[in-house]
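[1] Please work out how this folds:
(3 chains)
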Amino acid sequence: MSSGVIDGTAVLPERISRFPFPFPSDSYRYSTNVEPALKTVVTEAGAWGGRLLDIDEHYRHELTERDAVLTRDPTRLQVLPHMRPAVWDAISTLLPIMAAEHPDAMSFDRDGNACRWQNTLQDLDLEFTLGDDGSLPVEPLRFLGSQIQDDIALLDQREGALWLDAGLVTFAADWSFGFDVGMKFLEVHGPVPRVHQEQIITRAQQFLLRLQPGEKYRRANWTMTVDRRLDTSTETYPQWARDRATVAGDPALPDRLHLRVEVQHLIRLPHSGAVLFLVRTHLLSLSDIARVPAWRERLGRVLAELPEDMAEYKGISRYRSAASAWLLGT
Amino acid sequence: MTATALQAKVHPAVEGGLLLEVADLSVQTASVTSITFTDPAGTALPGYVPGSHLVVQYGDGANAYSLTGSGRHPSEYTISVLRVDDGAGGSLAMHRLAVGDLVRVSHPRSAFAPVATARHHLLIAAGIGITPMLSHARAAAERDSEATLVYVYRPGQGAHVQEARELLGPALAECTDRGSFQEELTRRLTDQKLGTHLYVCGPAAFMDTVLARARELGWPQGRLHSEPFGAAELDQGEPFTVNLARSGVTLEVPAGVSLLEALENAGKGVPNMCRKGVCGECYLPVLRGAPLHRDLYLSEQEKSANTTMMCCVSRSLDQELELDL
Amino acid sequence: MCPIAMAPAAGTGPEAGFRGVIRVTFGTAAVPAAEGDAGMAGHDARFDAADREALASLIAVLEQARVGVRLVLAGPPADVAAAAAAAAACGLLEEEVTLLANESGRRLVFCAHCRTANTTVQGVGSEVDCEGCATTLAFSGHFSRRIGGYLGFAAHAEEAA
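    This next block holds a predicted model:
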């Protein structure tokens, strides 16, 4: 699990050595950057990507946070009626994978529709029946979201398009799942600049439409977030918007400002045929990034070079110069 | 156990698939036999989307057959094969299989899925086209969604008729002559509640007739679904030759092997990512010859210029391509 | 899926099994001219607004109709969008519905923060004060057919003192 490298005299902590640093070069543009899942990526600080369902030191904390967000705002979880089978398909697909990837902590047994799920990280030993909502302590998608750190979105395929018809999204990066549920994949991405004339989302949709059951792909996306705030949804925007304006002048900027990387997995579910989107959010402060010299320099250059429309859409235009200057020491 | 299936080279369409054992054979009609496959180790098989097909290898060839189960947590895969005496030999090979034989099959592939939002499924089958409809009808029953089946077959030659009767009860309409079918079809097409989707499988001419009649009666394209065998996969293509101008190397690209794989096998790997023709990473400059573009990355304009190609999926229209590599 | 319909007033709906064109207008919009539906039976209905009652009677008509039917909706954007959302819930596909929304007129702006649906005659790009939480909302072009409205979010949150 730990594959830290030496930084001066100290071994880098796992939060750095396992961080999915997303920039292969000093300039970033949108692309249809999908690749087969489960391939380990070696970085300057360590490696990431060997597992589909990543569990880290924040596991319990993030699940507690998710539960609190859902209790405050139940609209972060929505399942349009025709998506019930897809939710069960996601459960019966992901739990066995999670158990196989974390055999010390978890186990999954299935006999027909009767299942037993054990998760020692939560002292959980649960028997339930696939397809029977009442056999779980909470509604099925909320249960799945209480076991994995990823946000979950389920896309239905019909009329030659993909529709965001179910999901549990508590850690949204500046969008509103509650508003977007029921939209087409292309409509969900309507506000993103550049990607339409460049046909990036259309190509991504073509790719997803052809994805066959059992196939698993992934892509990475990024933005920046002030503090370790996971819930940066449009719903709570008034609570965190001010930080975007003030952080540039805050001497604590290197500790407060985080590179936010989403590792997204794209999986065609075997029986429902729905496309499962898992969005796993990783946050790493600039101070931590600066402990890896290559990252410090590359992120500094990417932020300085990023075109203004992309910076504006990512919501980083008020502080990206300050961040870049600190990283590059200029 | 016969080992014939194993001695043959693995067909590209079943590569990375499963090796299964024939567990049961059951005669449906004089020309249709059902074949059930299980995992020799007895483990459960991957689930599948209703209406999926399985590619099964025979000798050097491979055929696609619809799976007849619902696809939920299957312990076995069942197909039904119509014997075609003057075909390419696939159906005859299937009919020669014996219990215990090992067969290479693909993972199930979905190209005829039910519409999750449908308020009613109108299934229309002719002859051996019954097979994906059984899958749909079973899945609908498991999900408590409504389905009606109109099944046309020659008297005495209806495969799976008994199963269809048990599964659908009064929701099954059987037709054994053309006239009664036309009448039944028109009646059904003019009396479906909103939100109904139509699925048809059978001989090409039969499907064309049903779809044309539905359009005539105002059914929009989005409600019409027909079984397009193999459309989900790119065909394996014709063999061709590439000249790598800068390194002076000539490579043969056989059918079923991508240009990218041929380059990698020759130690000439190029940067690549998705291997599906969408990400744009494995772009190659073309100096001479016309590529057969099969990617989703290049624009129509770029494709017609024939100066670049995506080597993970695209092939060659000409016998030979020259690349700047 | 399709919300429970109110029974239509006797004699107002088309006959059961209708497969022609249903033309619905809201407010004072002109009844749209038939386009591509020549030879199809027609049924016209007019409502002041797409309120609960109007939507219930539209749903009742659609429940009686059969596949083959086409729907044309005309009037203010908010009303057309609300009727289109009801039709989609009844199982109509996009290609079966023609939307003829007026260029201006009332639209729905949905507050992301308190979830109030605000009606406004302003257009995309303007600012709207939310009736639910008094936040000044940026009226974005992000539109949901299911909700029949546009996303609104705090317009000045990053500059507020």
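[2] Near the residue nearest to C:L151 when sequence neighbours are not counted, how many other residues are there?
    In space, and not counting its chain neighbours, C:L151 is closest to C:H142: 4.2 Å by Cβ to Cβ, 6 or more residues apart in numbering or on different chains. C-beta: built from backbone N, CA, C; applies to glycine. Using other Cβ atoms under 10 Å in any protein chain shown, C:H142 has 23 neighbouring residues.
[3] What mean pLDDT does the helix or strand that contains C:H142 get?
    Assigned by DSSP states H and E, C:H142 falls within strand C:136-144. For strand C:136-144, mean pLDDT rounds to 96.
[4] what does that strand contact?
    A:179-180, A:182-183, A:187, A:190-191, C:109-111, C:118, C:120, C:122-130, C:149-156 (Cβ atoms under 8 Å, 6 or more residues apart in numbering or on different chains).
[5] go on, stretch C:122-135?
    Contacts of stretch C:122-135 (Cβ under 8 Å, 6+ apart): A:238, C:104, C:107, C:109, C:111, C:113-116, C:118, C:120, C:136-141, C:150, C:152, C:154-155.
[6] same for the lengthiest helix in chain A, what does it pack against?
    Ranked by residue count under DSSP state H, the longest helix found in chain A is helix A:84-101. Under the contact criterion of 3 or more Cβ pairs under 8 Å, 6 or more residues apart in numbering or on different chains; DSSP states H and E, helix A:84-101 touches strand A:106-111, strand A:114-119, helix A:140-145, strand A:151-158, strand A:275-285.
[7] And the next helix or strand past the last one?
    The reference is to strand A:275-285. helix A:286-289.
[8] how far is that following helix from where the chain is centred?
    From the chain centre to the centre of helix A:286-289 is a distance of 20 Å (Cα atoms, centre = their mean, to the nearest Å).
[9] packing partners for it?
    Using 3+ Cβ pairs under 8 Å, 6+ apart as the test, helix A:286-289 ends up in contact with helix A:14-17, helix A:253-256, strand A:257-268, helix A:293-305, helix A:320-328.
[10] Highest mean neighbour count out of the ones you listed?
    Burial of those is given as mean neighbour count (mean count of other Cβ atoms under 10 Å in any protein chain shown); strand A:257-268 ranks first at a mean of 22.
[11] now that one and helix A:320-328, what's the angle there?
    For strand A:257-268 against helix A:320-328, the angle by axes from the mean of the first three to the mean of the last three Cα atoms, to 10 degrees is 100 degrees.
[12] in its sheet, what does strand A:257-268 sit against?
    strand A:216-226 (antiparallel), strand A:275-285 (antiparallel) (DSSP bridges).
[13] sorry, back to before: include mean pLDDT and mean neighbour count when you put the helices and strands packed on helix A:84-101 into CSV, please.
    Below are these laid out as CSV (pLDDT from 0 to 100; neighbours: other Cβ atoms under 10 Å in any protein chain shown):
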stretch, mean pLDDT, mean neighbour count
strand A:106-111, 96, 16
strand A:114-119, 98, 17
helix A:140-145, 98, 21
strand A:151-158, 97, 23
strand A:275-285, 98, 22
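[14] contacting residues for the residue in the stretch 201-325 of chain B that chain A sits nearest to?
    Distances between the stretch 201-325 of chain B and chain A by Cβ to the nearest Cβ are smallest at B:V278, namely 4.2 Å. For B:V278, the contacting residues are A:T32, A:V34, A:R203, A:A204, A:Q206, A:F207, B:D295, B:L296, B:Y297, by Cβ under 8 Å, 6+ apart.
[15] Sweet, I'm off.
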